[in-house]
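Trainee: Here is a sequence together with a model predicted from it:
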2 protein chains.
Amino acid sequence: MSFVRDGFGFRVLARSTENRGRVGVFETPHGVVTTPAFMPVGTRGTVKGVEPAEIFALGSRMILANTYHLALRPGEETVRELGGLHRFMGWDGPILTDSGGYQVFSLADLMKLDEGGVTFQSVIDGARLRFDPERVIEIERALGADVAMAFDHCADDPTDRAKVEDATDRTHRWLERCVRRHRELDGEASGQALFGIVQGGAFEDLRKRSVEAVTKHDLVGYAIGGVSVGETRDAMRIAVRAAAPELPEDRPRYLMGVGTPLDFVEAVAEGVDLFDCVTPTRHGRTKQAFTSRGLVNIENARFARDPRPLDPACDCPACARFSRGALRHFAKSDEMLGAILLTLHNLRFFHTLFDELRAALERGGYARLAARVETEMARVLPAES
Amino acid sequence: MSFVRDGFGFRVLARSTENRGRVGVFETPHGVVTTPAFMPVGTRGTVKGVEPAEIFALGSRMILANTYHLALRPGEETVRELGGLHRFMGWDGPILTDSGGYQVFSLADLMKLDEGGVTFQSVIDGARLRFDPERVIEIERALGADVAMAFDHCADDPTDRAKVEDATDRTHRWLERCVRRHRELDGEASGQALFGIVQGGAFEDLRKRSVEAVTKHDLVGYAIGGVSVGETRDAMRIAVRAAAPELPEDRPRYLMGVGTPLDFVEAVAEGVDLFDCVTPTRHGRTKQAFTSRGLVNIENARFARDPRPLDPACDCPACARFSRGALRHFAKSDEMLGAILLTLHNLRFFHTLFDELRAALERGGYARLAARVETEMARVLPAES
């Protein structure tokens, strides 16, 4: 089961005997990514607080950057002049840019939607800006990531059927325009692939209809969007279970903006290959650590004189060199190093989990791993541990 | 010309034929430092924004931490329980702690000085605290650095003779008590050396008198204090020229809180061996970079689309991977990575300068190097460069 086009490719290497999960290799012009994989988020061109060489050492192989933020500042033409996004971010590996759709609808000031696109005001300088499918493809092309996402309309409430249906249908119409512009600009031969985005909110039938509409376009990959927007876990489950199994087996499947360890365990079992989320980095900056003993707030007074590493099971730079007491002190003192070390740790925790997920897909033991993750994440670090 | 005592030692390896400067090796229980050397400042137990492994890679061999800040939070007993300062900071190399004298007089709330010591209020929790010579030695011993500084009284105006004389004499009386407590606590056999501090402000005779009083105590090293407190460069010059040549040749000489590249060039030529300053790290966080083309404010608009490295002559991670345009964007966006990369760059710039200073002391060309540094530092990066 494999697919190749213009320097891009996807190959399924192994399938789980326990679920729909698979291990694959996604090939891009800037290198290969073994899937399932987690992509750290470099919103403004940097994964917050972490140097590129460190991210690679932690296990990251593909990272994400945000079209909306970079288009506003420094502007896609500046990034292009500076040598493109890889040079700009100091990252030689694969990069994916989102389309800005989610941000335009959730962050932009004075946002006004019409059938053609979205007009809004820049939060940087108040300038009036317009995103439409053609323009977004052009911005992403100027940024120059390996993968560009299509411009989609993500409804703000995934349980409001009328809103979701409207946004989903518009996403399909916009996808036509994105694909056309992408092809006009030489398609994958340009070095950039286009992924389409499935919408449909928390409605099984709308998700299936959306998969049908989106996969009419023969694209390098497909994403499940409109999740991780504040919905319940059940709504996300419906979306993933309805969409993932219907997507082409020989293309990577990307679940956008997800999520937590429990989310990964569930979605990987449905055959999802790629994930991105700000969780490990944002939690790191807010002094929350993912550990094999649960989610830990390092500022807790119980850690003040605790000489042990944050997570004895971890091999990250924070756990190798620092005590819980020192990490707590850095966090309490708002030292940059506290946020940096917890970010490194959380990223390592996520990548280690993906190592384990891939191993379980290949060699069995997925249910056992899933049960362990559920136990770990159900608790916060108890006082005596 | 060498000195050895209980795991500490100093040896002069080479002398300049052009000035009083010398290349030496300072040996401590946690390793050796080739001098002249610059020590980055890790105020609260971390060199701001930089991991220990990175600092070492940049060329740092000895770092400084602040007794005042660490005594207030997390408290020296907490550091001791967590395995001491080396373990706490994740740094296996030599560490020096200042005595808190400078901070108590310049930062503490409701500070009250008497002959016995200083009483003040904690800025963390309002607690009433007292620093006196014996207590400071005990705090530093609990922290466990390789070198502890004696508790000194630094006058706030180095040109007010009456004030300086009073503070200098008190510093000498306090040094007696520091040395006594240090010896009661096993002296250097404990693994910690004590350095005495010369005061005397901008007065040549007071500086010489202070050297005489301080060097009556046979200590592992001696420091020149009371400079870099807002005085003119001339005042610092007077202090260094009066004190440095009078200090024992076989002991390391440490100029506290200094400084800038020009300061190093001048003081090294007077025979100073060790320096510390927040300049490279603080400038990094305020978006100022030291470069071979002068001091650069990276936020300047002229860098927006500049694809070149910050300093083509530099081998740091910022210059190796990032364009000026990207660094400007990170700085303008207040991304942590901007401060981190500029800090790494500035530290590398300082250590590279010390490499060059040592080479010039050994092999000649000091005057030429001094002239080059003066030219570099006299200008800001011109628009066309």
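Mentor: Thanks, I have the structure now.

Trainee: So which bits of chain A are right by chain B?
Mentor: A:44-46, A:48-53, A:73-74, A:78, A:81-83, A:87-90, A:304-305, A:307, A:317, A:321-323, A:325-326, A:328-330, A:332-333, A:335-337, A:339-341 (CB under 8 Å from any CB of the partner chain). Just so you know, the C-beta spots here come from the backbone N, C-alpha and C atoms, and that holds for glycine as well.

Trainee: Give me the buried subset of the residues you listed.
Mentor: The neighbour-count test (16 or more other CB atoms under 10 Å in any protein chain shown) applied to the residues of chain A next to chain B identifies A:44-46, A:48-52, A:73-74, A:78, A:81-82, A:87-90, A:304-305, A:317, A:321-323, A:325-326, A:328-330, A:332-333, A:335-337, A:339-341 as buried.

Trainee: Quickly list what the residue positioned nearest the centre of chain A is bridged to.
Mentor: Against the mean C-alpha coordinate of chain A, by CA atoms, centre = their mean, the closest residue is residue A:276 at 1.4 Å. As for beta bridges, residue A:276 partners with residue A:39 under DSSP bridges.

Trainee: Could you measure from it over to residue A:221?
Mentor: With distances taken as CB to CB, to the nearest Å, residue A:276 is found 13 Å from residue A:221.

Trainee: Domain parsing of chain A, as residue ranges.
Mentor: Residue ranges for the domains of chain A, per automatic domain parsing: A:2-276, A:283-377.

Trainee: Mean pLDDT added to those domains, as JSON lines?
Mentor: Formatted as JSON lines, the domains of chain A follow (pLDDT from 0 to 100):
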{"stretch": "domain A:2-276", "mean pLDDT": "96"}
{"stretch": "domain A:283-377", "mean pLDDT": "97"}
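
Trainee: Could you point out which of those sits nearest residue B:152?
Mentor: domain A:283-377 (25.4 Å; CB to CB).

Trainee: ok now that closest one, how far from the chain's centre?
Mentor: 20 Å (CA atoms, centre = their mean, to the nearest Å).

Trainee: show me the contacts for the residue of the stretch 251-385 of chain A found nearest chain B.
Mentor: In the stretch 251-385 of chain A, the residue that lies nearest chain B is residue A:321 (3.6 Å; CB to the nearest CB). By CB atoms under 8 Å, 6 or more residues apart in numbering or on different chains, residue A:321 lies in contact with B:52-53, B:90.

Trainee: Turn the domains of chain A into TSV, columns for distance to residue B:59.
Mentor: As requested, the domains of chain A are exported to TSV (distance: least, CB to CB, whole Å):
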stretch	distance to residue B:59
domain A:2-276	17
domain A:283-377	19
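
Trainee: residues near residue A:30, how many?
Mentor: 18 (other CB atoms under 10 Å in any protein chain shown).

Trainee: The closest residue to it other than its chain neighbours and residue B:272, how far apart?
Mentor: Of all residues not flanking residue A:30 in the chain, residue A:94 sits nearest, at 4.7 Å (CB to CB, 6 or more residues apart in numbering or on different chains). According to CB to CB, residue A:94 and residue B:272 sit 50 Å apart.

Trainee: how close does the residue nearest to the centre of chain A get to residue A:195?
Mentor: Taken as CB to CB, the span from residue A:276 to residue A:195 is 12 Å.

Trainee: Helix or strand next in line after the helix or strand residue A:170 falls within, which one?
Mentor: Secondary structure from DSSP states H and E places residue A:170 in helix A:161-184. Of the helices and strands lying after helix A:161-184 in sequence (DSSP H and E), the nearest is strand A:193-198.

Trainee: Tell me which other helices or strands that next one touches.
Mentor: strand A:147-149, helix A:161-184, helix A:204-214, strand A:221-224 (3 or more CB pairs under 8 Å, 6 or more residues apart in numbering or on different chains; DSSP states H and E).

Trainee: Looking at chain A, which helix is longest?
Mentor: helix A:336-363 (DSSP state H).

Trainee: Could you pull out the buried residues of whatever helix or strand comes next after it?
Mentor: Once the chain leaves helix A:336-363, the next helix or strand it forms, by DSSP H and E, is helix A:366-377. Using 16+ other CB under 10 Å as the test for burial, helix A:366-377 gives A:366, A:369-370, A:373, A:376.

Trainee: what does stretch A:123-130 give?
Mentor: So stretch A:123-130, judged by 16+ other CB under 10 Å, has buried residues residue A:129.

Trainee: sorry, back to before: please identify the one among the buried residues of helix A:366-377 that lies nearest to residue A:247.
Mentor: residue A:366 (20.2 Å).

Trainee: And the closest residue to residue A:147 other than its chain neighbours, how close does it get to residue B:202?
Mentor: Excluding its sequence neighbours, the residue lying closest to residue A:147 (CB to CB, 6+ apart) is residue A:96, at 4.1 Å. According to CB to CB, residue A:96 and residue B:202 sit 60 Å apart.

Trainee: What of residue A:136?
Mentor: 64 Å.

Trainee: go on, residue A:90?
Mentor: 46 Å.

Trainee: for whichever residue of the stretch 51-200 of chain A sits closest to chain B, what are its contacts?
Mentor: Minimum separation of the stretch 51-200 of chain A from chain B (CB to the nearest CB) falls at residue A:90, amounting to 3.6 Å. Contact analysis of residue A:90 by CB under 8 Å, 6+ apart lists A:51-52, B:321-322, B:326.

Trainee: Distance check, the residue nearest to the centre of chain A against residue A:171.
Mentor: From residue A:276 to residue A:171 the distance is 19 Å (CB to CB).
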